[in-house]
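J.: Kindly return the folded structure for what I paste below:
(chains A, B and C, ligands or ions: 3)
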Amino acid sequence: MDSGTESASADAWDGEIETEIGHDEYDPYGTLTLIGIYFVIIALLWVFMYFVEFLGEGPTVM
Amino acid sequence: MNLFVDRYPEEAWIVRAALASSFLALFLGGIMGLIQGLHRTGFLQIVQDSTYYTVLTLHGVSMVLLFTIYFLVGFFQWAVTDSLDRSAEDIRFTKLWYFLMVAGTVMAAAAILGGFTDATNLEADVLYTFYAPLEAHPIFYIGLVTFVIGTWLAGVDWFRSWWAWKKEHPGERTPLRAFMVMTTMLMWYLATIGVAAAILFFILPWSLGLVDSVNSLLTRTLFWFFGHPVVYFWLMPAYMMWYVILPKLAGGRLFSDPLARIVFVLFLLLSVPTGIHHQYVDPGIAEGFKFVAMTNTMFLLLPSLLTAFTVVASMEHGARQRGGTGRLGWLRSLPWNKPAFTGMALAGLMFAAAGFSGMVNAGMNLNYVIHNTLWVPGHFHLTVGTAVALTFMASTYWFLPQITGNGVFSQRLGLVQVLLWFLGMVFMGNAMHRIGLAGEPRRTAEPFYDGVTFDTALGSISELHFQIALGSVILTVSLLLFMAHLFLSWFDVASNPAPDNGVIPEALSGPENAPIVLENLRLWTAIALVLILLTYALPLASIVSANGFFGSAGTLVGTAYEFAVSPFVGVVA
Amino acid sequence: MEIHRYETIWFAASLLLIVGFIGTITYGAVGVGVEMVDDSGGTVDPDNLGSHERFGDTGVHKVNESHYEVNMIAVHPSFIPSEIEIPAGSTVTFYMTASDVTHGFKLVDSNLNTMIIPGQVSEITAEFDEPGEYGFVCHEYCGSLHHEMAGNLSVVPEDEWGGVDS
Ligand code: HEM
Ligand SMILES: [Cu+2]
Ligand SMILES: [Cu+2]
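T.: Residues are numbered from 1 along each chain as shown, chains lettered A, B, ... in the order given. Ligands and ions are numbered 1, 2, ... in the order given. Predicted structure coming up:
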């Protein structure tokens, strides 16, 4: 359904699919990459927050 | 026609009513947000400092109780009716719960708005957390309870549909959307025990003058018993959209239906027994209880991290089906020109960023650094203020035609709107986090003190204040665009036809692959209850034994004891 | 159930992250010795603070050469006392409670941060090695003048310290 009006094509299933990919032939390695990058960022920020911003800062409750 | 509104006109009416209520609250709350953003940074102060707190109460209540929950009930009504493909069991009952919610809203709103004038004794300048012994007019608490009862009945309504469906479809798997609604509502029932108890047993009797005092720590703990799971209540409709609608918008399929179910069950199990993480720096609660809440909270990261994988994989699937290639090159093949998709994807991105500040909040001793600073509003404007709010707004570009039968006014305008929200939140969110790290408190009309300075590692406080003000303005522009666009689409000004795209494609790995035990909601609820007892029984008992049910002015046990022995004392004397 | 290999990898990585977080926090608590505010301060009757042995006598008290106590009451919109002076190189224990509603206390540029709740006593101990000026603010909304509720803590060189009840 690729009708003329702008709003009618709100959905990418309407005529934009080139190839249907099934469960077994799909390899989400892009996702693994993105999520791996996220993992590294989160881990580094955690270390920074804990050891620099927290333990490295001023008086602390003991 | 395949449109929801044509198949279920009466249910669509309720969905529309709920969405209209929701967006009205968003609009009102947004204007308050702008006032706050300009006031506390010193750029424009159109209200008195003391009125700032009335504004803030209105902002908090409108945004996180009204906007989110009205949207939720509307969206869930659609999800249940559409996925089970059956009308409400009794549409009068459906209307009943909606109007109960409205009645509750009117009462609570009257109390809050009364705070703007001296003409009435109505007021509720207690913020949305209403920590006793801050005191609101009783009508505020009665309104909140009525509103919550409305949501309870909504749950009953959906359970009735589900039970009726199960009778007619023995042995079949519950459709994913209905499954998500049922698990979310079960969590909600467990969670609301906390506020209901706090209000009905303690705060309301006290505000009516029936008892003299409250045990502040007790009512506060009961509030947070509810206050953490409520954030998942806001989040679950957004998760549902990411699982169910986003893959379709991307041109793909949900990667794994069973995993989506597991995630919702995990939320049912772990949402409540974590509330004490809001009380890491409260006196009167032993460190051990805080540690338990911390570990539970950290494990609650699991369903969100799993969601991240499944949702991104579903988008990647869409991109590849649309011809995308390469390790990351497929990102370019996503439908970035569609506001519904782009808004939700950006909302998800913000949620990933919020994951980081959330981990810091959750970090027990690390929480000392940021507790009650502006960092915390920085965090939840990324979660509920963007991950949820932007997802709700973006989904409307897809959802509205399903329930009104009209096409949206303009996709391009929609795109501008979602991009502006994201941009505004980048400024406001980033600045709030950094100002919070410098130590500036939240919930403060004028955080400028003699002899107290806040230092930032990079840039200056006034630069960051400017970013908050700028972000607030951009967000408000986005909000006004959204409201205008909503209005134009709703009343079909452009006469665009509604796209006939209500069908949700099947998951790559379907429900038949899910372990059957997932369907056993009784079991999961029972386990959730046990976990709650394990984490809350001891802290609550110790709070009550230290200070009584009603604070030191008279414990329930003590009062009952006095009451019981007084005749004897009289006789002996 | 079909579980993709990457899902298994991510599941393992997620668990690693979670265990790593809990491990760091445990290290902070046990290894470094950061304590949480807890129930050690006990409870009080918020309506009778004047006759309470600790809160009837607010201000700085010397326990011994290196240990000082500060008794504070939060009542909208002030801290009593709001100007505090202690000698450098000392260990200070703060005892705080509220006589009206819930308040907060954050010592800026430090990790000292607690709620102050009627009926409860927040007890926090910290070491102040170097002279310096710290501001503190109330970080929980407590009424229409909440934004005015703040104070100062001066850590002065030992020989300049002026004594108790500053
Ligand atoms: C126009 C967009 C918005 C602006 C400019 C805005 C601005 C602000 C500001 C400046 C504060 C901090 C006030 C303070 O602590 O002194 C605040 C608090 C808050 N905002 Fe927003 N906000 C917006 C949208 C939202 C949305 C969409 C939500 C949730 C759905 C939300 C939920 C909250 C909540 C819960 C608080 C805390 C209230 C409290 O501390 O009692 N805001 N907002
Ligand atoms: Cu929480
Ligand atoms: Cu205050």
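J.: how would you label whatever residue of chain C ends up closest to chain A: helix, strand or coil?
T.: Taking C-beta to the nearest C-beta, chain A has its nearest neighbour within chain C at C:Ser110, 3.7 Å off. To be clear about C-beta, it is placed using only N, CA and C from the backbone, and glycine gets the same treatment. Applying DSSP: H, G, I helix; E, B strand; the rest coil to C:Ser110 yields a three-state assignment of coil.
J.: Next one, pLDDT for it please.
T.: Here, the pLDDT recorded for C:Ser110 equals 94.
J.: Next, work out how far apart it and ligand 1 are.
T.: 21 Å (C-beta to the nearest ligand atom, to the nearest Å).
J.: Now do that residue against C:Ser14, distance only.
T.: The gap separating C:Ser110 from C:Ser14 is 33 Å, by C-beta to C-beta, to the nearest Å.
J.: Helices along chain A, start to end?
T.: Assigned by DSSP state H, chain A shows helices spanning A:29-47.
J.: same question but for the stretch 101-250 of chain B, I mixed them up
T.: B:138-168, B:176-197, B:204-207, B:216-244, B:246-250 (DSSP state H, counting those that start in this stretch).
J.: Buried deepest among those, which one?
T.: Comparing these by mean neighbour count (mean count of other C-beta atoms under 10 Å in any protein chain shown), helix B:246-250 comes out on top with a mean of 27.
J.: anything in that one near chain C?
T.: No: between helix B:246-250 and chain C, judged by C-beta under 8 Å from any C-beta of the partner chain, nothing touches; the nearest distance is 15.2 Å.
J.: what sits up against that helix?
T.: Applying C-beta atoms under 8 Å, 6 or more residues apart in numbering or on different chains, the contact partners of helix B:246-250 are A:10-13, B:253-255, B:311, B:314-315, B:317-319, B:334-335, B:338, B:340-341, B:344-345, B:348, B:398, B:504-505.
J.: could I have that helix exported to PDB, CA atoms only?
T.: Extracted in PDB, the C-alpha atoms of helix B:246-250 (Å, rounded to 0.1, in the frame of the first residue of the first chain):
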ATOM      1  CA  LEU B 246       8.600  -0.600  17.000                       C
ATOM      2  CA  PRO B 247       9.800  -3.700  15.200                       C
ATOM      3  CA  LYS B 248       6.800  -3.400  12.800                       C
ATOM      4  CA  LEU B 249       7.500   0.300  12.300                       C
ATOM      5  CA  ALA B 250      11.100  -0.600  11.500                       C
END
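J.: What about the residue of chain B found nearest chain A, how many residues nearby?
T.: Residue nearest to chain A within chain B (C-beta to the nearest C-beta): B:Gly251, separated by 3.4 Å. Counted with other C-beta atoms under 10 Å in any protein chain shown, the neighbours of B:Gly251 add up to 27.
J.: Distance check, it against B:Gln279.
T.: In terms of C-beta to C-beta, B:Gly251 sits 45 Å off from B:Gln279.
J.: got it, and B:Val416?
T.: With C-beta to C-beta as the criterion, B:Val416 and B:Gln279 are 42 Å apart.
J.: In terms of neighbours, single out the busier of the two.
T.: Shown here are B:Val416 and B:Gln279; by other C-beta under 10 Å, B:Gln279 has more neighbours (25 against 15).
J.: Could you pull up phi and psi at C:Val75?
T.: phi -150, psi 130 (degrees, to the nearest 10).
J.: just checking, it touches C:Asp100?
T.: Yes: because the distance of 5.3 Å satisfies C-beta atoms under 8 Å, C:Val75 is recorded as touching C:Asp100.
J.: Which one of the two is surrounded by more residues?
T.: C:Val75 (20 against 15).
J.: Can you name the residues that contact the closest residue to the more buried one other than its chain neighbours?
T.: Nearest residue to C:Val75 in three dimensions, chain neighbours excluded: C:Ser99, at 4.7 Å (C-beta to C-beta, 6 or more residues apart in numbering or on different chains). Shown in contact with C:Ser99 (C-beta under 8 Å, 6+ apart): C:Pro46, C:Asp47, C:Leu49, C:Ile73, C:Ala74, C:Val75, C:Pro118.
J.: Counting only strands, which of the residues you listed make the cut?
T.: C:Ile73, C:Ala74, C:Val75 (DSSP state E).
J.: pLDDT and distance to ligand 3 for those residues - can I get that in CSV?
T.: Listed next are the ones in strands among the contacts of C:Ser99 as CSV, based on pLDDT from 0 to 100; distance: C-beta to the ion, whole Å:
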residue, pLDDT, distance to ligand 3
C:Ile73, 97, 13
C:Ala74, 97, 8
C:Val75, 96, 10
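J.: quick check, nearest of these to A:Ala43?
T.: The closest of the ones in strands among the contacts of C:Ser99 to A:Ala43 turns out to be C:Ala74 (C-beta to C-beta; 38.7 Å).
J.: Does that closest one touch C:Cys138 like I think?
T.: Yes: between C:Ala74 and C:Cys138 there is a contact at 6.7 Å, judged by C-beta under 8 Å.
J.: Give me the common contacts of the two.
T.: Joint contacts of C:Ala74 and C:Cys138 (C-beta under 8 Å, 6+ apart) are C:His103, C:Phe105, C:Met149.
J.: Would you quantify the distance from the last one to chain B?
T.: If I follow you right, that is C:Met149. Distance, C:Met149 to chain B, by C-beta to the nearest C-beta, to the nearest Å: 9 Å.
J.: What is the burial count for the residue in chain C that chain B sits nearest to?
T.: Proximity to chain B, evaluated over chain C using C-beta to the nearest C-beta, is greatest for C:Gly135 at 2.8 Å. By other C-beta under 10 Å, the residues close to C:Gly135 number 19.
J.: Quick check: neighbours of the helix or strand it falls within in the sheet, parallel or antiparallel?
T.: According to DSSP states H and E, C:Gly135 maps onto strand C:132-137. In the sheet, strand C:132-137 lines up against strand C:103-107 (antiparallel), strand C:150-156 (antiparallel) (DSSP bridges).
J.: what's next to stretch C:103-110, contact-wise?
T.: A:57-60, B:371-373, B:438-439, B:441, B:452-455, C:72, C:74, C:76, C:79, C:94, C:96, C:112-116, C:122, C:126, C:134-140, C:142, C:149, C:153.
J.: gap between that stretch and the chain center?
T.: 7 Å (C-alpha atoms, centre = their mean, to the nearest Å).
J.: do stretch B:371-391 as well
T.: Centre to centre, stretch against its chain (C-alpha atoms, centre = their mean), the figure for stretch B:371-391 is 11 Å.
J.: ditto for stretch B:103-123
T.: Distance, centroid of stretch B:103-123 to centroid of chain: 23 Å (C-alpha atoms, centre = their mean).
J.: Equivalent analysis for stretch B:117-134, please.
T.: 22 Å.
J.: tell me which parts of chain C are close to ligand 3?
T.: Within chain C, the residues that sit near ligand 3 (C-beta under 5 Å from the ion) are C:His103, C:Cys138, C:Cys142, C:His146, C:Met149.
J.: Most widely separated two among these?
T.: Longest span within these, C-beta to C-beta: C:His103 and C:His146, 8.5 Å.
J.: Fine by me, thanks again.
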